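Q: only the shape, not the letters, is given here:
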């Protein structure tokens, strides 16, 4: 093997252009491919910036020519030479006009044949690629994603630092807290029987930085959640985590919005206009969702007024009993929605809890209405006018308890939009959702839980309902939604220890439990704190959306898979008896994989 | 309690100057103190930038004046008003020329009396301050340290990003590896019986990023080590961690040196000249240490040549048996080093393994030499000339096996320098140590272990000694030392899988062990890798040195104490039976604290 002695790289492969012709340069990289044309050898040399063609011909030193002949894919080489114009140009790559006439070539490392080819859009199965992640990461698409993620993180720091945020590192080995999802724990060797928890978020510590007077905190914080993994979750993930003092929700949203605008502009050159703000109730009423996709219209319409007067008892009884009748109008949907297709949609609606799906389909001269026979004369016409239905449209109607009718319509709205191809590509519809509910009814346990987290400040005007009607309590909290995906949550925090204690109690915690779990935080607020709040934005998810990929695994350098293992290293693994004994632990059962 | 409705902070307290007189401003912060002079009330309002005096007098609105009367230390308030010139100026603070004439005052949060006063250089015990860390962090000295740490981290990122490094986040839940110190482990709930390890460093992953072709990696990486804690260790710490491709040791040192120069300049305005480089052997010979303090001279001199010829058999026999006689000359030390003081130094020398301590003390007309009676005529004079000893000096001499004599002299050199007050303050002596030994003899087990880590590249010229004489094998590695403290280590890595395998074997690992622990890394090098290396620099330690503090706890926002617990939250703590059961763990014993 050669050494690099005497050579020093002068620039990256992908950076050369016609203006460099005649320059003597030294490059290093991986052999993408070698083409042997007899008296000519071309080598595509790849580094993280792109490809440079190395050229060897009859004018080359024989030893170098012979060495070039032995090059194979993924060999690591350095080459020194002079940039010259190519005889046959390649318009597909930025360096396609030039090539390197090599006069010094060093083979620094030889590669065995890789288990898959290092190319963009590899069709090798993901399992294989994850096992050899270091090879997978050589592929230009993954390289671009990881570079983009770096850039996004850099922009986040630049932006928030410029706005007086300071990065404070909070501990990773903390006290266990019950924040809904599960903690990963770390046994203590010094205090046997006790455990640290890995943070699900730096929530408590960032609040403490505000109590400590740091005023504006940021951290790109690693967070951990021991959940059964879905496709879009990783057991560890990174959060752009901020907290600010002497502010209200609007200030936090404005600050965050500035970041969103900047990151969109500086990464993919997209200008984001001021982001619309709607309340949670508006979002539910218009879109049947707390994370509406606003890239298309087809908002939900309320026809309860009309329905209350019809003889069609399914509708009128629903309204009488306090429910609602909701409709969406699928413009030009009549053709697509044949009877068969409507049956399928109905099945789907039933699958998510609908009792049925009423419809109007206006394909031919006359509208075809599934409940026409129950209507008095003129009622269908009235409905069609109310909804502004036109020939060619389809209308879908659900009657149920209001919230349920909305949720079902919200889901159908998305399906219909997809089926009618109403969702434009390359549109970035951000949306703020404000005035979120404080409590959420856990359907399994039928208990009220905190929708955001128990440190969230209720809205002033809803404190009156704390004891009487939890469903009416709104929080000083907000979500940012992008194209129907929740991107971040934020809120103002409770700074009044009595109110905080009360919220814990309302969430079913005993005083003993509160003291044991959050005692030190409640204590801290006894020594005064500025009004403060913040938000946490998933860096992984943001990267994924900006990179335009579907999986978090495409933006995390060394991801884990479904069962939280890492195929490359084989983590997790067994530890030895000595270590177990030092930790005072015994394993009670072993699940064989 | 008031709300901040209608007010928006316009600037931080510590930023106002005479040029702001007449401006209407709004500030927020903590009450440092309130002085009630009857018809006048002054309030020092503190935020992270400093103090602003709020003034209330007979011209104030009565309600506001009365409210100001109720203010107590640490209350959080907002105040709106007009900046005016002070009648009695305070030259001690930057805002001492002006004050705020308040026309709107809001008490946002009331504080109980804190357990200690929030002042610079608090003399409250550390235990109390750590329990109320959020209050301790309000103190201006800790605030400055945490802000400085933020600044250092920012400069690190700026510098390395500008030099084409990209930040790649490596996993925190990894496979356990045996790197000397102990791993913290995390039990898997999904694969019972198995554990993740928290990384002691991102070593393996950063090497994989080079194999993956990212070329230049940086991460400010949280690392974890489960050691019995000394004063200057934390179980979790942060490392400025870099790795680069197509480089050698010099390139890495040059790159790092650029950062050191920049961070010293931009934080404390100190210009660092080019950092000297000496080999490990030179460092040992001159300073008896691998981390020499070069802020003063008094280097170790070898007098073995002279000693071999004397009749003083203690010296001559040592040399005959391959050992050495080493001396330091303490200029003007004769007065300080009375017989009693020398006895104490001798005790100390014996405490670290010396058989005795010979000396020459030239206080009066004639030098007083502890071994004079063993010397032939003229020998003492010859020695004094050789060492260039002058009247007023003291000389200390140790004879022993060479390495041992050097180590002892190295330790004495530091003690003598301290006792003679030879170490200048405010001097920043950086020093590179190169050509470190690859192997180190573990004195307890008498086995050779890796001095740096097993992935370090040996120097080309010492590969020949791998099998024959481990003591002669030098590594392509280096340390950076500041004023006698090791600040960072770095090295080139082995990229040849056969050599890597051999190094593992030489470190006493079986093939089975190698495969189980590092198989995936060795595998990775089968697919070629550029020459690469890097370094890891402790951010906590660097911050400590730049802030001029003695404890890591002064630069870590939420530190842990000796027994790895956090006094504020009480972490670690017990977890419940359900969670233990899900993790398939039983606790075999509980150490009561």
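A: Okay, I see it. Since we're looking at a predicted model, the values are computed, not measured.

Q: mind listing the strands for the stretch 351-500 of chain A?
A: A:358-361, A:368-369, A:394-400, A:430-434, A:439-442, A:447-450, A:477-482, A:485-492 (DSSP state E, counting those that start in this stretch).

Q: identify the residues contacting the closest residue to chain B within the stretch 201-350 of chain A.
A: Nearest to chain B, among the residues of the stretch 201-350 of chain A, is residue A:212, at 3.6 Å (C-beta to the nearest C-beta). Using the backbone N, CA and C atoms, a C-beta is placed for each residue, glycine as well. Contacts for residue A:212 (C-beta atoms under 8 Å, 6 or more residues apart in numbering or on different chains) come out as B:133, B:134, B:135, B:137, B:138.

Q: could you find the closest non-adjacent residue to the closest residue to chain B within the stretch 401-550 of chain A?
A: Residue of the stretch 401-550 of chain A nearest chain B, by C-beta to the nearest C-beta: residue A:528 (3.6 Å). The shortest distance from residue A:528 to any non-neighbouring residue, by C-beta to C-beta, 6 or more residues apart in numbering or on different chains, is to residue B:111 (3.6 Å).

Q: for residue A:96, same thing?
A: residue A:90 (3.4 Å).

Q: please verify my assumption that that neighbour contacts residue A:98.
A: No: Residue A:90 is beyond contact range of residue A:98, at 10.0 Å (criterion: C-beta atoms under 8 Å).

Q: between these two, tell me which one has more neighbours.
A: For residue A:90 versus residue A:98, neighbours defined as other C-beta atoms under 10 Å in any protein chain shown are more numerous around residue A:98 (23 against 15).

Q: wait, that one touches residue A:14, no?
A: No: between residue A:98 and residue A:14 there is no contact under C-beta under 8 Å: 11.7 Å.

Q: which parts of the stretch 51-200 of chain A are helices?
A: A:62-69, A:126-131, A:133-136, A:140-162 (DSSP state H, counting those that start in this stretch).

Q: tell me how far the shortest one lies from the chain's centre.
A: Yep, that's helix A:133-136 we're talking about. 23 Å (C-alpha atoms, centre = their mean, to the nearest Å).

Q: check whether it contacts chain B.
A: Yes: against chain B, helix A:133-136 shows contacts by C-beta under 8 Å from any C-beta of the partner chain at A:133, A:134, A:135.

Q: give me the mean pLDDT for that helix.
A: Average pLDDT, helix A:133-136: 98.

Q: please apply the same query to the longest one.
A: Across helix A:140-162, the average pLDDT comes to 98.

Q: circling back: can you report phi and psi for the residue of the stretch 201-350 of chain A closest to chain B?
A: phi -80, psi 0 (degrees, to the nearest 10).

Q: check contacts around the residue nearest to residue A:475 when sequence neighbours are not counted.
A: For residue A:475, ignoring the flanking residues on the chain, the nearest one in space by C-beta to C-beta, 6+ apart is residue A:438 at 4.1 Å. The contact partners of residue A:438, by C-beta under 8 Å, 6+ apart, come to A:450, A:451, A:452, A:456, A:458, A:462, A:470, A:473, A:474, A:475, A:477.

Q: coming back round to it: check the residue of the stretch 201-350 of chain A closest to chain B and give its pLDDT.
A: In this model, residue A:212 carries a pLDDT of 98.

Q: residue ranges of the strands in the stretch 101-250 of chain A, please?
A: So, for the stretch 101-250 of chain A - with DSSP E, counting those that start in this stretch - the strands run A:166-167, A:185-187, A:195-197, A:216-224, A:236-245.

Q: what's in contact with the helix or strand encompassing residue A:325?
A: Assigned by DSSP states H and E, residue A:325 belongs to strand A:324-330. Outside strand A:324-330, the residues that touch it by C-beta under 8 Å, 6+ apart are A:288, A:298-304, A:306-307, A:315, A:318-319, A:336-337, A:387-389, A:393-402, A:405-406, A:409, A:412-413, A:416, A:420.

Q: and for residue A:90 and residue A:98, which residues touch both?
A: Residues touching both residue A:90 and residue A:98 by C-beta under 8 Å, 6+ apart: residue A:53.

Q: export the strands of the stretch 101-250 of chain A to JSON lines and tack on distance to chain B, mean pLDDT and mean neighbour count?
A: Below are the strands of the stretch 101-250 of chain A laid out as JSON lines (distance: least, C-beta to the nearest C-beta, whole Å; pLDDT from 0 to 100; neighbours: other C-beta atoms under 10 Å in any protein chain shown):
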{"stretch": "strand A:166-167", "distance to chain B": "4", "mean pLDDT": "98", "mean neighbour count": "22"}
{"stretch": "strand A:185-187", "distance to chain B": "5", "mean pLDDT": "95", "mean neighbour count": "26"}
{"stretch": "strand A:195-197", "distance to chain B": "5", "mean pLDDT": "95", "mean neighbour count": "28"}
{"stretch": "strand A:216-224", "distance to chain B": "6", "mean pLDDT": "98", "mean neighbour count": "23"}
{"stretch": "strand A:236-245", "distance to chain B": "6", "mean pLDDT": "98", "mean neighbour count": "24"}
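
Q: make CSV out of those strands and add distance to residue B:571.
A: What follows is these, written out as CSV (distance: least, C-beta to C-beta, whole Å):
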stretch, distance to residue B:571
strand A:166-167, 22
strand A:185-187, 10
strand A:195-197, 6
strand A:216-224, 15
strand A:236-245, 19
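
Q: among the ones you listed, which is nearest residue B:262?
A: In terms of C-beta to C-beta, the element of the strands of the stretch 101-250 of chain A nearest to residue B:262 is strand A:166-167, at 18.2 Å.

Q: strands paired with the closest one, and their directions?
A: strand A:216-224 (parallel) (DSSP bridges).

Q: tell me the angle the partner strand makes with helix B:140-162.
A: 70 degrees (axes from the mean of the first three to the mean of the last three C-alpha atoms, to 10 degrees).

Q: gap between strand A:216-224 and the chain center?
A: Relative to its parent chain, strand A:216-224 has a centroid offset of 16 Å by C-alpha atoms, centre = their mean.

Q: what's the local residue count around the nearest residue to residue A:110 once chain neighbours are set aside?
A: Residue nearest to residue A:110 in three dimensions, not counting chain neighbours: residue A:75, with 5.6 Å by C-beta to C-beta, 6+ apart. Using other C-beta under 10 Å, residue A:75 is surrounded by 20 other residues.

Q: which two among the contacts of residue A:438 are spaced furthest apart?
A: Among those, A:470 and A:477 lie farthest apart (C-beta to C-beta), at 15.2 Å.

Q: what about these two, which has more around it?
A: Taking other C-beta under 10 Å, residue A:470 and residue A:477 do not tie; residue A:477 has more neighbours (29 against 17).

Q: that one contacts residue A:458, correct?
A: No: counting by C-beta under 8 Å, residue A:458 is not a contact partner of residue A:477; they are 9.4 Å apart.

Q: returning to what we had before: burial count for the residue nearest to residue A:528?
A: Neighbours of residue B:111 (other C-beta under 10 Å): 19.

Q: pLDDT value on it, please?
A: pLDDT at residue B:111 comes out at 97.

Q: same question, residue A:282
A: For residue A:282, pLDDT reads 98.

Q: who are the contact partners of it?
A: Counting by C-beta under 8 Å, 6+ apart, residue A:282 has no contacts.

Q: show me which positions of the helix or strand that contains it end up buried.
A: Residue A:282 is located in helix A:280-287, with elements delineated by DSSP H and E. Residues A:280, A:283, A:284, A:285, A:286, A:287 are the ones in helix A:280-287 that count as buried (16 or more other C-beta atoms under 10 Å in any protein chain shown).

Q: distance of the residue lying closest to the last one once chain neighbours are set aside relative to residue A:371?
A: Okay, so that is residue A:287. What sits nearest to residue A:287 in space, not counting adjacent residues and going by C-beta to C-beta, 6+ apart, is residue A:410, at 5.6 Å. In this view, residue A:410 and residue A:371 are 22 Å apart by C-beta to C-beta, to the nearest Å.
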